[in-house]
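**Student:** pasting the structure only:
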Ligand code: NAD
Ligand code: UGA
């Protein structure tokens, strides 16, 4: 009963909506894909040669499909009216106030999008059936709210609400979308629901092997997304907790991580000790899970997952504290070069970056910061650190300039370029003793010590 091929649109042209729809358009040239956003600047950037997000490989794919079957537009109404499949990929941040503040997901954007879809469908003469797809990460049972809004505000349109959470990671989004471990499509287990699931699954099957397109009920799909992020973050907090034990016992966290990761039951990935995990999702999704567990009367489960966040906060604080302690308990007035500000390499995204916490902690200790990151924009630093703090912070375009005259270097993001800097040249330009704090274990510590640096590395006893 659905048009074939189905026209597709997506509300939200952000880190998820942009790349996912671009890859869909590339892989399905017969399908018209329109990506919409309320933000005119964002859409203008998607239509230009300076895309609004940095993601390796994205530019080429956009350039191939844009104008052919991929369109970026602010005309949300037309897109909703003409499309069969409507993805919703709007933000679902942590609530800042009211009930559940600091934990529950803020569904304001989500509900506004639902009302917008309902209003357009209601006013439209064309009553073609619609499939509304949750792409945003949402609390379990959100699809019920979407269905309730549609049922109440939109008469005469047959619609189904599906959950199709996204598992891409920033920095590797294009590879992840080309070859996903799985695509998850959840929906109502009714004949109409199953038909909608098939329609969406068939789009993915154009490039994803059938056995990797998993279909489930709605609540399993919604919960799997929160759970996947919780498990991934839990691995990082687990290895980070062990990193602290390594530092005081003489064990080496990289060796421990390798030794346990080769056990095929455990697996090697996501075991890199760090200054703490960042990114827009891990923390918010775990807090959301914690809130859900509490709301459903499961305080023990809530407490269990909450520890993942507690450990991460502690790790970020621990790193900044270790810097101060190592530098004779004071960094006041000392220049410190911060290498990397994005929450991980190969992205300019700084949302929840551990660099923000570390910089704030060091600024409070009155250190003079000089920051270098290959992709973070100048405006972003102001947004993250505040105008007042920025008056005392230097932003550099060159890592050697950031390090010149510094008492210490802190490596916060694992950018590959940091591995191949000329550390002898950097050492020569620094105040002595010259400290280096490797929050990612990407540097050659032995060589740095030979040069003369005092080295501190997470999970290592130097
Ligand atoms: P984002 O902030 O980069 O993009 C969201 C966009 O939605 C913004 O450009 C905003 O202007 C737009 N928007 C808001 N309301 C709208 C409306 N009614 N109509 C049209 N556009 C609207 O966010 P993101 O990182 O893409 O995340 C979106 C969702 O995907 C979140 O729920 C997030 O948890 C989830 N997610 C994110 C990632 C990731 O790597 N960033 C990965 C998987 C899932
Ligand atoms: C993460 C998940 O990996 C994606 O599957 C998911 O779709 C996404 O969240 C989401 O829902 O937003 P992302 O946050 O983009 O993706 O990046 P990750 O590679 O997961 O890294 C997250 C943070 O953990 C980064 O700060 C990274 O440096 C840190 N990390 C990662 C470690 O400290 N150690 C590791 O071993 C791995």
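**Tutor:** Good, I have the coordinates. No experiment lies behind these values; they were computed from the predicted model shown. Ligands and ions are numbered 1, 2, ... in the order given.
**Student:** Based on its surroundings, how many neighbours for the nearest residue to residue 40 once chain neighbours are set aside?
**Tutor:** Once flanking residues are discounted, residue 40 sits nearest to residue 74: 5.5 Å by Cβ to Cβ, 6 or more residues apart in numbering. Every residue, glycine included, has its C-beta placed from N, CA and C. Burial of residue 74 is recorded as 15 neighbouring residues (other Cβ atoms under 10 Å).
**Student:** Identify the residues contacting residue 74.
**Tutor:** 36-38, 40, 43 (Cβ atoms under 8 Å, 6 or more residues apart in numbering).
**Student:** how much space between it and residue 371?
**Tutor:** 34 Å (Cβ to Cβ, to the nearest Å).
**Student:** Does ligand 1 have contacts with the biggest helix by length in the chain?
**Tutor:** Counting residues, the longest helix in the chain under DSSP state H turns out to be helix 218-249. No. Using Cβ under 6 Å from any ligand atom, helix 218-249 stays clear of ligand 1, coming no nearer than 7.4 Å.
**Student:** count of residues packed around whichever residue of the stretch 301-450 of the chain sits closest to ligand 2?
**Tutor:** Proximity of the stretch 301-450 of the chain to ligand 2 (Cβ to the nearest ligand atom) peaks at residue 344, 3.9 Å away. By the criterion of other Cβ under 10 Å, residue 344 has 21 neighbours.
**Student:** how about the residues of the protein that lie near ligand 2?
**Tutor:** Near ligand 2, when you scan the chain using Cβ under 6 Å from any ligand atom, you find 137, 166-170, 229, 232, 236, 270-272, 274, 277-279, 281-282, 343-344.
**Student:** Can I have the buried ones of those residues as a PyMOL selection?
**Tutor:** Selection of buried members from these for PyMOL, criterion 16 or more other Cβ atoms under 10 Å:
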select buried, resi 137+166+167+168+170+229+232+236+270+271+272+274+277+278+279+281+282+343+344
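**Student:** what ranges do the strands span in the chain?
**Tutor:** Counting by DSSP state E, one finds strands in the chain at the ranges 8-11, 33-36, 70-73, 85-88, 130-134, 159-163, 183-187, 213-217, 335-339, 368-372, 394-395, 408-411, 435-438, 454-457.
**Student:** okay if I get those as JSON lines plus mean neighbour count?
**Tutor:** Formatted as JSON lines, the strands of the chain follow (neighbours: other Cβ atoms under 10 Å):
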{"stretch": "strand 8-11", "mean neighbour count": "26"}
{"stretch": "strand 33-36", "mean neighbour count": "27"}
{"stretch": "strand 70-73", "mean neighbour count": "22"}
{"stretch": "strand 85-88", "mean neighbour count": "26"}
{"stretch": "strand 130-134", "mean neighbour count": "25"}
{"stretch": "strand 159-163", "mean neighbour count": "25"}
{"stretch": "strand 183-187", "mean neighbour count": "25"}
{"stretch": "strand 213-217", "mean neighbour count": "17"}
{"stretch": "strand 335-339", "mean neighbour count": "26"}
{"stretch": "strand 368-372", "mean neighbour count": "22"}
{"stretch": "strand 394-395", "mean neighbour count": "18"}
{"stretch": "strand 408-411", "mean neighbour count": "26"}
{"stretch": "strand 435-438", "mean neighbour count": "25"}
{"stretch": "strand 454-457", "mean neighbour count": "20"}
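**Student:** Using JSON lines, lay out these together with distance to residue 102 and mean pLDDT.
**Tutor:** Output for the strands of the chain, formatted as JSON lines (distance: least, Cβ to Cβ, whole Å; pLDDT from 0 to 100):
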{"stretch": "strand 8-11", "distance to residue 102": "27", "mean pLDDT": "98"}
{"stretch": "strand 33-36", "distance to residue 102": "31", "mean pLDDT": "98"}
{"stretch": "strand 70-73", "distance to residue 102": "34", "mean pLDDT": "98"}
{"stretch": "strand 85-88", "distance to residue 102": "24", "mean pLDDT": "98"}
{"stretch": "strand 130-134", "distance to residue 102": "23", "mean pLDDT": "97"}
{"stretch": "strand 159-163", "distance to residue 102": "25", "mean pLDDT": "97"}
{"stretch": "strand 183-187", "distance to residue 102": "28", "mean pLDDT": "98"}
{"stretch": "strand 213-217", "distance to residue 102": "30", "mean pLDDT": "98"}
{"stretch": "strand 335-339", "distance to residue 102": "27", "mean pLDDT": "98"}
{"stretch": "strand 368-372", "distance to residue 102": "28", "mean pLDDT": "98"}
{"stretch": "strand 394-395", "distance to residue 102": "30", "mean pLDDT": "98"}
{"stretch": "strand 408-411", "distance to residue 102": "28", "mean pLDDT": "98"}
{"stretch": "strand 435-438", "distance to residue 102": "30", "mean pLDDT": "98"}
{"stretch": "strand 454-457", "distance to residue 102": "32", "mean pLDDT": "98"}
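**Student:** export these to a markdown table and tack on distance to residue 57?
**Tutor:** What follows is the strands of the chain, written out as a markdown table (distance: least, Cβ to Cβ, whole Å):
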| stretch | distance to residue 57 |
| --- | --- |
| strand 8-11 | 19 |
| strand 33-36 | 17 |
| strand 70-73 | 15 |
| strand 85-88 | 21 |
| strand 130-134 | 24 |
| strand 159-163 | 27 |
| strand 183-187 | 19 |
| strand 213-217 | 23 |
| strand 335-339 | 25 |
| strand 368-372 | 24 |
| strand 394-395 | 27 |
| strand 408-411 | 25 |
| strand 435-438 | 28 |
| strand 454-457 | 31 |
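**Student:** So for ligand 1, which of those strands sits nearest?
**Tutor:** Nearest to ligand 1, of the strands of the chain and by Cβ to the nearest ligand atom, is strand 8-11 at 3.9 Å.
**Student:** Show the model's pLDDT score for the residue in the stretch 201-350 of the chain positioned nearest to ligand 1.
**Tutor:** Residue of the stretch 201-350 of the chain nearest ligand 1, by Cβ to the nearest ligand atom: residue 281 (4.8 Å). For residue 281, the model assigns a pLDDT of 97.
**Student:** Up against ligand 1, what does this structure have?
**Tutor:** So far as Cβ under 6 Å from any ligand atom goes, the chain lies against ligand 1 at 11-17, 36-39, 42, 76, 89-92, 109, 112-113, 116, 136-137, 166, 168, 170, 280-281.
**Student:** Let's see that with 5 Å instead.
**Tutor:** Applying Cβ under 5 Å from any ligand atom, we find that the chain lies next to ligand 1 at 11-12, 14-16, 37-39, 89-92, 109, 112-113, 136-137, 166, 170, 281.
**Student:** Separate out the buried members of these.
**Tutor:** Here, 16+ other Cβ under 10 Å leaves 11-12, 14-16, 37-38, 89-92, 109, 113, 136-137, 166, 170, 281 buried among the residues of the chain next to ligand 1.
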